[in-house]
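> Predicted model and sequence below, questions to follow.
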Amino acid sequence: MEKKQLTIDYCEYASLEAMPAADRELMQRAIEATDTAYAPYSHFHVGAAVRLADGTIVTGSNQENIAYPSGLCAERTALFSAAAQHPHQAVAALAVVGRDAEGRLVEASPCGACRQVMAECEARHGHPIELFCYLQGGKIRRIIGVDSLLPFAFGAELG
Ligand code: THU
C-alpha cells in the first residue's frame, strides 16, 4: 500500500478593504444579492456573484421552497443563471456570503452539490474558478480551482 497526501493551498484577506478592487466589487455584489434571497424557512440569506471571463457579473441568491429539496443555493442560482445567459463565457470567479436572521454578514462556503456544479463549469470551459468566501469576523478566504474544494470529484476523469 502506498500512502499519499493532499495539500490545499488557500489564502485569507484580513478584510474586504484588503482585497484587490475587482474582487472586492465581486464580493460587494454578493453582499447586495443577499437582499434578494427567498429564505422563509432557514432565515439564512445567501448571496453569490459570478464574474465571467469578459468581466460580466451575474448574481444569485438562495431560493427556498416549502418542499425543501426543491430550493436552490445561491451559488447554483448564480452559476446556472450565468450559464443560461452567457453559455460561452468561462466562469472566472465566484464570491459567496451569508446574512443571518438579524441582518449580520456571516460565513458561507459552497455545499457539496454546488462544488460538483463548479467542477463541471471548470471542465466545460477549461478555466479554474477563483472562489471568495466571506468568513466569520469579516475575513475573506480565496481558493483557486475546484481540485482544492472537491478532490477526486465524480466526472473529473471525463473533463
Ligand atoms: N445555502 C446557500 O445558498 N449556499 C451555501 O453555501 C450554504 C447554504 C442555502 C440553502 C438554504 O436555502 C439555506 O442556505 C440554509 O441551508
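Thanks, I have it.

> for residue 23, what are its contacts?
Residues near residue 23 by Cβ atoms under 8 Å, 6 or more residues apart in numbering: 93, 95, 130, 132, 142. C-beta coordinates here come from the backbone N, C-alpha and C atoms, glycine included.

> if I look at it, how far off is the ligand?
As judged by Cβ to the nearest ligand atom, to the nearest Å, residue 23 and the ligand stand 18 Å apart.

> which phi and psi does that residue have?
Backbone torsions for residue 23, taken as degrees, to the nearest 10, come to phi -80, psi -30.

> if I look at it, how far off is residue 131?
Residue 23 sits 11 Å away from residue 131, going by Cβ to Cβ, to the nearest Å.

> Spell out which residues are contacts of both of the two.
Shared contacts of residue 23 and residue 131, counting by Cβ under 8 Å, 6+ apart, come down to 93, 95, 142.

> which of the residues you listed has the most neighbours?
Neighbour counts for the shared contacts of residue 23 and residue 131 peak at residue 95, which has 32 neighbours (criterion: other Cβ atoms under 10 Å).

> surely it meets residue 32?
No - counting by Cβ atoms under 8 Å, residue 95 does not reach residue 32; the two are 10.9 Å apart.

> Let's have the shared contacts of residue 23 and residue 131 in a markdown table, adding pLDDT, distance to residue 48 and secondary structure.
What follows is the shared contacts of residue 23 and residue 131, written out as a markdown table (pLDDT from 0 to 100; distance: Cβ to Cβ, whole Å; DSSP: H, G, I helix; E, B strand; the rest coil):
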| residue | pLDDT | distance to residue 48 | secondary structure |
| --- | --- | --- | --- |
| 93 | 98 | 11 | strand |
| 95 | 98 | 7 | strand |
| 142 | 98 | 15 | strand |
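
> Residue 106: neighbour count?
17.

> helix/strand/coil for the residue nearest to it when sequence neighbours are not counted?
Using Cβ to Cβ, 6 or more residues apart in numbering and skipping the chain neighbours, the partner closest in space to residue 106 is residue 98 (4.3 Å). Per DSSP: H, G, I helix; E, B strand; the rest coil, the secondary structure class of residue 98 is strand.

> Show me where this protein has its helices.
Ranges of helices in the chain, per DSSP state H, are 21-33, 74-85, 112-125.
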